[in-house]
Each structure stands twice: as structure tokens, then as C-alpha cells.
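[1] sequence plus the predicted model coming up.
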Amino acid sequence: MSRLALTRYSRCYLSRLLNPVTSPLFYSSAATNRDDGSQTGPPPIRVGLTESAGRAVFATRRISAGDLIHTAKPVVACPSLVSFDSVCYLCLKKLMGSEKVQDRGVSYCSQECQENAKGFYDVETRADWSSFVDYCRTHNFKYPLMVKRLCCMIISGDLPADCLDILQPAALSSAMISKIEDGYGLLWNAFRKANFKDEDVAFLTKQWYTAILARIRINAFRIDLVGGSCGEDLLSLAAASVECEGAVGHAVYMLPSFYNHDCDPNAHIMWLQNADARLTTLRDVEEGEELRICYIDASMGYEARQTILSQGFGFLCNCLRCKSGD
Ligand SMILES: [Zn+2]
Ligand SMILES: [Zn+2]
């Protein structure tokens, strides 16, 4: 099952995404990734179509178990409310006392992160977010905070308003939609009271807000940092990240959203020190083989997995493991 819809997308985004080799937006280039010594060119994957699951990611050469397939930068990442004081406001890296850079009530891990966040944070600090944050805190909502950050990034010119259109949206119940509308009202009010220009917030309609949340809902990854240094055994880090508790935040990516689900996956997504994702193989993969990750905790039994996949992602899994009844 693909997280990507075939119906709604911008042509420009689609062509860039289907050619990840030319999409530096969505993975770290070799130049920025050379310190791990494992990525020296474009990622060994292509995005293609399958009959049963829509888009999918395939290996373009043999990849050994534990190898890095590619890294991916988030389109948008946001710390969870409980992590606000303990992680970088931009990249979600855990903050060490000495290296903290403080700026108008939030902290960054480095001056580089402070500089990269300046565009959206200048927008964010113009408005009063107390009611909106109270709403998120009361309902224990995490995704509206991502939408708020996305809005600030769009207003600052960091991202286009259609940046997530290519992702498949979740089906929302009417109860969910009415809660979403409360959040929309509070977000809209915050911008309106801060006297943003009409043209700056013209994209922020109720339909846009609902559509963005529906996409974030099934495409956001929960980020659990496993820490560790370069060269550490990737397979044991992969195992550690499955067991790790306590998300530091959530993020949405492009390329990783093309990976289909499997309850016995051959690939794995994980995070070491910040929201930059790493896609690695869990076993040897042959050229042409589809790469799949597990969207949920693979240690759960058959019934629990089907329930979560159906309720959370809107499909019943038909992978080999599920077919065997395991
Ligand atoms: Zn940072
Ligand atoms: Zn399955």
C-alpha cells in the first residue's frame, strides 16, 4: 500500500520526486554526507509503480545488509510539546548545555540551525500562539503544531503552499473534522490578530488546513533518536530505534513516503542525532527488489498489526508474513 496518491499532485513536484537523483531537496547529497563514508553518489534506488500498491521504491543495484540507502531531510519537523526545552527547535537534536544557542524563548543546537530557522521563526514570533498551543496541549494533539510551523514556513517563503499535495491523505471521520475545525479557527485567529497581510495568509483556508492535516496524519514519522556515533553497527542501531521510547517530535519527508509497508521489512528508517532520516537495509537486497519499511512496531501479533494498519493507515496488510498468519 502506498502512502502516495496518484490523483492530486503538482506536475513539477511529481517529476522531481520520481527522479530522486535530481532532488537534493529530499536527501542529503554525498557532499554533506561524506563523514559517514557510506554514500558517495546518488542513492541506489528508483521510484516505480507496482500493480497492487501504487508507487514503490526499488533497488537499482545489490545492497548489502546494514548499508545506508540514503538520508532524507524533513520537509517540516516539529518538536513535541514535552521536548520543547530539551531539543533543538529546528533539527530536534538533543541539547547539551554548553552548545545551546538561545533566541527569543527557544533554543537551537547550533548557530546554523538558528540561522536556518530564522525565516519561519520571525513569522512565528509576530503572533500570539497561547490559545492554539493550549488547544494542542489539552487534546494532546501533535500534528496541528506541524501545520502551524508549515504555515510560518510558507509565509516566510521557505516552502510553497502545495508542498505536501503529492502525499496521500487519510480518510477523516466527521468527529475528527469538527475537532480539526476548532484548531483551524485558533490558528487563523492568531494570524489575523497579528495583522498579517491578506495575501500572505490567502492559502490558509479551512480546506487547505484539513487537507494538510489529513496528509500529515498518515505521512508523519515519529522521531526517536538513537544517538550513537559514526561507524556504529547500523543493524544494532536499527534494533535500538525500534525499542526506543519517547518521541522527540514528528516530521514529514518526501522520498521516505514512497516506501511501502511490510511486516517483515527489508529496510528501516531511523534517526541518529537529529531529524535527518537514514534509510538502511536490514538484509541483503538484490537489484530490482522492492524496498519496504515497517510503519508500525513489527513485534506485534497479526491481529494487532492489521488493526493499527487499518485504523491508522487505511489498509489491510497482505505481505508474506501476514499471508502466513504470523
Ligand atoms: Zn539543530
Ligand atoms: Zn503484513
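    That came through, no problem. Numbering: from 1, shown residues only. Ligands and ions are numbered 1, 2, ... in the order given.

[2] residues from the stretch 101-250 of the chain in reach of ligand 1?
    109, 113 (CB under 5 Å from the ion). In short, each C-beta sits where N, CA and C put it, glycine included.

[3] where does the stretch 101-250 of the chain have low pLDDT?
    Where the stretch 101-250 of the chain drops to pLDDT under 70, the residues are 227-246.

[4] can you pull out the helices in it?
    Here the stretch 101-250 of the chain has its helices, by DSSP state H, counting those that start in this stretch, at 111-124, 130-139, 143-155, 174-193, 206-219, 234-243.

[5] ranking the ones you listed by burial, who's on top?
    Stretch with highest mean neighbour count among the helices of the stretch 101-250 of the chain: helix 143-155 (a mean of 23; mean count of other CB atoms under 10 Å).

[6] elements contacting that helix?
    strand 76-79, helix 111-124, helix 130-139, helix 174-193, helix 206-219, strand 249-252 (3 or more CB pairs under 8 Å, 6 or more residues apart in numbering; DSSP states H and E).

[7] what's in contact with the last one?
    Which is strand 249-252. The contact list for strand 249-252 (CB atoms under 8 Å, 6 or more residues apart in numbering) reads 74-80, 83, 87, 92, 142-143, 146, 164, 167, 215-216, 219-223, 275, 277.

[8] adjacent strands (with direction) for it?
    strand 76-79 (antiparallel), strand 220-223 (antiparallel) (DSSP bridges).

[9] possible to save the helices of the stretch 101-250 of the chain as CSV with distance to ligand 2?
    What follows is those, written out as CSV (distance: least, CB to the ion, whole Å):
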stretch, distance to ligand 2
helix 111-124, 38
helix 130-139, 31
helix 143-155, 25
helix 174-193, 26
helix 206-219, 16
helix 234-243, 16
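
[10] so what pLDDT did the residue nearest in space to the middle of the chain get?
    Nearest to the geometric centre of the chain sits residue 252, at 2.1 Å (CA atoms, centre = their mean). Predicted confidence (pLDDT) for residue 252: 97.

[11] for residue 273, which non-adjacent residue is spatially closest?
    residue 93 (5.3 Å; CB to CB, 6 or more residues apart in numbering).

[12] tally of neighbours for that neighbour?
    22 (other CB atoms under 10 Å).

[13] local confidence estimate at it?
    For residue 93, the predicted pLDDT is 95.

[14] residue 313 too?
    85.

[15] what about it, neighbour count?
    19.
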